[in-house]
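Enquirer: Would you be able to build a 3D model of this:
(one chain, ligands or ions: 1)
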Amino acid sequence: MDMDPRMPKAVWGFNGTEKPGAVYLAAVLAAYTQKGLPAFGIYGRDVQDSKDTTVPEDVKSKILGFARAGLAVALMQGKSYLAMGGVSMGIAGSIVDHNFFESYLGMRVETIDMTEFIRRIDKEIYDKDEFEKAIKWVKEKCPEGEDPNKPEKQRTREEKDGDWGFSVKMALIARDLMIGNDKLSEIGYGEEALGHNAIASGFQGQRQWTDHFPNGDFMETILNTSFDWNGKRAPHIVATENDSLNGASMLFGNLLTNTAQIFSDVRTYWSAESVKRVTGYELTGDLKDGFLHLINSGSTTLDGCGQQTKDGKPAMKPFWEIEDSEVEKCLDATTWHTSALGYFRGGGYSTRFSTRGNMLVTMSRINIVKGLGPVLQIAEGVTGELPEDVHNTLDERTNPTWPTTWFVPRTTGKGAFKDVYSVMNNWGANHGAISYGHIGADLITLASMLRIPVFMHNVNEDKIFRPSAWNSFGTENRESADYKACEVYGSLY
Ligand code: MN
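Expert: So this is what the prediction gives:
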């Protein structure tokens, strides 16, 4: 048996009679449990003959679930979270906790001051050819929408054009800071060419930067998206407001699915009664028992508009599965608005779109609890659509120049998932990371490898796959057993 405590382990015991794998499986799992090395046990439900080389569906699903989470653990390890700036507006998740990244994810935190953007813009430390290509693409593909500011307060055309150029440079610079760029060493900047080996990052923005300069919204949106002026590519994970805990949650979703992620404020619970009072409209279908308004400028990927399709339904796909026509549809569904100057005095461009309904999604969030450590919460659900006038009335009560997702978590009638209101009421922070598909089970498997307990989820019990040692901490109350197991094993690094 493998004894490396950092290597995620799984053992498949063949369900047969001639050479029973069950005995080996039980023996080795007992050994792993006794030695404090958590391992996943895989045992097929149906008896197979010894010459049968097929892998049954239930075994397949467990092997793949283990592999997805194990790969996520491996891909994070040794990489960085790049904090660009400090704490945004006092948001707790933006107080970047180095110990969390180091001890739980095997990552490091690198930090830069936002003045680095100004130095690189002023000294032209970016690929100028790429900038020309990018700004041309942006002018063609990113149409400007309505300016939300009073006419006398609006920025001039000249200022707005300047903001576009500045925003595109910020995007190039943030990417180069994260992953480096060989082109920079050709122009004499060898150190800058290296980058920070960052698999995720965050940009403070508010308030000092955005009070004076164009905000980071364009940069955050385009980096989080599966395409740009260079074509389709893997999305980068960039958390707005440097909310590193939402960034880490986005990273989990991205590593498990290879898709882009939505970053949102969990802004409003709309009950059916409130919608009726404000709009006169009676909710129907998925939305009938109320919904959550997810909205934030910046880090919401353009993929989040739901204009990609899988099996005839709205989807967010890995970049290599996205059709060229779907890229165009995402761009067509989006308008770019100069910032509401009350929020962002320095201008900049935010996206507006609304997510198509009937897309399966999972919202998650890591929170840090003093005396306990990190904990994860998960809500699977579906996006919803409202009639246009109802949509606009609700959307315009908050910030109409930001992208909106109406989200209905799947309720179970009990605990934190008693109803939609309870989900809102139990959510542990102001933000959530939203991933395509129902990935709660994979998130739980990943969290168990990293020893992060899950305190609130609506994943069906029979889909949950954790190391077999977790059973020894209690089989009646799985949530408490998870907490105890994570405490006993401690962080992975
Ligand atoms: Mn926010």
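
Enquirer: can you pull out the helices in the stretch 201-350 of the chain?
Expert: Here the stretch 201-350 of the chain has its helices, by DSSP state H, counting those that start in this stretch, at 208-212, 217-223, 244-257, 272-279, 324-332.

Enquirer: Format those as TSV; extra columns: distance to the ion and mean neighbour count.
Expert: For the C-beta atoms, the positions are set from N, CA and C on the backbone; glycine is no exception. Shown next, in TSV, are the helices of the stretch 201-350 of the chain (distance: least, C-beta to the ion, whole Å; neighbours: other C-beta atoms under 10 Å):
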stretch	distance to the ion	mean neighbour count
helix 208-212	12	16
helix 217-223	11	28
helix 244-257	9	27
helix 272-279	22	14
helix 324-332	22	16
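
Enquirer: of these, which approaches residue 460 most closely?
Expert: Of all the helices of the stretch 201-350 of the chain, helix 244-257 sits nearest to residue 460, with 17.5 Å by C-beta to C-beta.

Enquirer: The closest one packs against which elements?
Expert: Using 3 or more C-beta pairs under 8 Å, 6 or more residues apart in numbering; DSSP states H and E, the elements in contact with helix 244-257 are helix 57-76, strand 80-84, strand 198-203, strand 238-240, strand 360-369, strand 431-436, helix 440-450.

Enquirer: Tell me which of the ones you listed is the most buried.
Expert: strand 238-240 (a mean of 31; mean count of other C-beta atoms under 10 Å).

Enquirer: partners of it in the sheet?
Expert: Applying DSSP bridges, strand 238-240 is found paired with strand 198-203 (parallel).

Enquirer: any chance of the helices of the stretch 201-350 of the chain in a markdown table, plus mean pLDDT?
Expert: Formatted as a markdown table, the helices of the stretch 201-350 of the chain follow (pLDDT from 0 to 100):
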| stretch | mean pLDDT |
| --- | --- |
| helix 208-212 | 96 |
| helix 217-223 | 98 |
| helix 244-257 | 98 |
| helix 272-279 | 98 |
| helix 324-332 | 98 |
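
Enquirer: just so I know, which of those helices lies nearest residue 428?
Expert: Checking those against residue 428 by C-beta to C-beta gives helix 244-257 as the closest, at 9.6 Å.

Enquirer: between the closest one and helix 57-76, how many degrees?
Expert: Helix 244-257 runs at 130 degrees relative to helix 57-76, counting by axes from the mean of the first three to the mean of the last three C-alpha atoms, to 10 degrees.

Enquirer: Helix 244-257 to helix 440-450, inter-axis angle?
Expert: Going by the same axes, to 10 degrees, helix 244-257 makes 110 degrees with helix 440-450.

Enquirer: Off-centre distance for helix 244-257?
Expert: 4 Å (C-alpha atoms, centre = their mean, to the nearest Å).

Enquirer: in its sheet, what does the lengthiest strand in the chain sit against?
Expert: With DSSP state E applied, the strand covering the greatest number of residues in the chain is identified as strand 373-384. Paired strands of strand 373-384, with direction, are strand 360-369 (antiparallel), strand 404-409 (antiparallel), strand 454-456 (parallel) (DSSP bridges).

Enquirer: can I get the CA coordinates of that strand in CSV?
Expert: C-alpha atoms of strand 373-384 as CSV (Å, rounded to 0.1, in the frame of the first residue of the first chain):
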residue,chain,number,x,y,z
GLY,A,373,-10.6,26.8,9.9
PRO,A,374,-12.0,26.8,6.4
VAL,A,375,-15.5,25.4,5.7
LEU,A,376,-17.4,24.9,2.4
GLN,A,377,-21.0,25.4,1.5
ILE,A,378,-22.7,24.2,-1.6
ALA,A,379,-26.1,24.9,-3.2
GLU,A,380,-27.1,23.1,-6.4
GLY,A,381,-29.9,24.6,-8.4
VAL,A,382,-31.0,26.0,-11.7
THR,A,383,-31.1,29.5,-13.3
GLY,A,384,-34.4,31.1,-14.1
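
Enquirer: Give the rounded mean pLDDT of that strand.
Expert: Averaged over strand 373-384, pLDDT sits at 98.

Enquirer: Determine the set of other helices and strands touching the helix or strand immediately after it in the chain.
Expert: Remark: after strand 373-384, the chain's next helix or strand is helix 388-395, criterion DSSP states H and E. Packing partners of helix 388-395 (3+ C-beta pairs under 8 Å, 6+ apart): helix 272-279.
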